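Turn this into a model:
(one chain, ligands or ions: 1)
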Amino acid sequence: MIPFTFYRRFEADILAGRKTITLRHGSEADVAPGDILQVSRYEDGVFFCRLRVLAVTPVAFSALNDAHARQENMTLPELKQVIQRIYPGIEHLTCIEFTLC
Ligand SMILES: CC(=O)Nc1ccn([C@@H]2O[C@H](CO)[C@@H](O)[C@H]2O)c(=O)n1
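Residues are numbered from 1 along each chain as shown. Now for the predicted structure:
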């Protein structure tokens, strides 16, 4: 089981199945299809679910599209703004697609 965190503001969307991908950079993206993620909130470490990784795909920031945004339950401008805040200036991202266990 791989420990993994999300900001707490995404907890409800993940538990409801409205958010089915996350875009990560560097060692945070070190997962493979079939891995089980033990997911807790970044802010307080509270466990809230297990996720199974379905796919791991490289994606450039400039190639993000409406399909990515839909899977994040955001608009594309919202998603780009969120990512620019978390990973300023980073072009190389990894899209991790998941499902609730
Ligand atoms: C807590 C932590 O370690 N890191 C991150 C990094 C990203 N994300 C979310 O994934 C999507 C694309 O980046 C957006 O919805 C982000 O807000 C997150 O929740 N937590």
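
can you pull out the helices in the chain?
11-15, 66-71, 76-86 (DSSP state H).

Excluding covalently adjacent residues, which one is nearest to the one residue sitting closest to the centre of the chain?
Among the residues of the chain, the one closest to the centroid is T22, at 1.5 Å (C-alpha atoms, centre = their mean). Nearest non-adjacent residue to T22, counting by C-beta to C-beta, 6 or more residues apart in numbering: I96, 5.2 Å away. The way it works is simple: take the backbone N, C-alpha and C, and place the C-beta from them, glycine included.

Can you spell out which residues form a bridge with the one you found?
When bridges are called by DSSP bridges, I96 pairs up with T22, V56.

And it, how close does it get to R8?
With the distance defined as C-beta to C-beta, to the nearest Å, I96 ends up 18 Å from R8.

quick one, which of these two is more surrounded?
Set I96 next to R8 and count neighbours by other C-beta atoms under 10 Å: I96 wins out with 25 against 14.

Go ahead and confirm that one touches R24.
Yes - with contact defined as C-beta atoms under 8 Å, I96 counts as touching R24 (6.2 Å).
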